[in-house]
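Peer 1: Give me coordinates for this.
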Amino acid sequence: MYIRVNAIAGAKKESVKEIGENRLEIAVREPAERNMANKRITELVAAYCGVPPKAARIINGHHSPHKMFSIHEK
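Peer 2: Below is the predicted model of the structure:
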């Protein structure tokens, strides 16, 4: 399964909003430095999908606020 994510790093409050089918808007407190925000976004996407964090991978958009995740369900 693929999920598109609009990411907001450095937000005051963490949130996960569904904005369409397989589309999320995620705000995290971590800054967009040293991969900190990407790690937290990956954890939140995995929790949202009900899979372990290792099952969610960024496949596109590592340096962009628009990311594509691949979710491997078992």
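Peer 1: CA atoms for contacts and neighbours, from now on please.
Peer 2: Noted.
Peer 1: Spell out the secondary structure type for residue 47.
Peer 2: Counting by DSSP: H, G, I helix; E, B strand; the rest coil, the backbone at residue 47 sits in helix.
Peer 1: What pairs with the host helix or strand of residue 3, parallel or antiparallel?
Peer 2: Using DSSP states H and E, residue 3 sits in strand 2-8. Each strand that pairs with strand 2-8, with its direction, by DSSP bridges: strand 23-27 (parallel), strand 66-71 (antiparallel).
Peer 1: Could you list the buried residues of it?
Peer 2: 3, 4, 5, 6, 7, 8 (16 or more other Cα atoms under 10 Å).
Peer 1: Output the strands paired with strand 2-8 as TSV; include the columns distance to residue 43, mean pLDDT and mean neighbour count.
Peer 2: Listed next are those as TSV, based on distance: least, Cα to Cα, whole Å; pLDDT from 0 to 100; neighbours: other Cα atoms under 10 Å:
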stretch	distance to residue 43	mean pLDDT	mean neighbour count
strand 23-27	11	98	19
strand 66-71	11	97	18
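Peer 1: So for residue 46, which of those sits nearest?
Peer 2: strand 66-71 (7.7 Å; Cα to Cα).
Peer 1: count of residues packed around residue 35?
Peer 2: 12 (other Cα atoms under 10 Å).
Peer 1: Roughly how far does it sit from residue 42?
Peer 2: Here the criterion is Cα to Cα, to the nearest Å. By it, residue 35 lies 11 Å from residue 42.
Peer 1: Identify the residues contacting the most centrally placed residue in the chain.
Peer 2: The C-alpha lying nearest the average C-alpha coordinate of the chain belongs to residue 41 (Cα atoms, centre = their mean; 3.5 Å). Going by Cα atoms under 8 Å, 6 or more residues apart in numbering, residue 41 touches 7, 26, 28.
Peer 1: give me that answer again for 7 Å
Peer 2: Contacts for residue 41 (Cα atoms under 7 Å, 6 or more residues apart in numbering) come out as residue 26.
Peer 1: Secondary structure element for it, which one?
Peer 2: Counting by DSSP H and E, residue 41 is found in helix 36-49.
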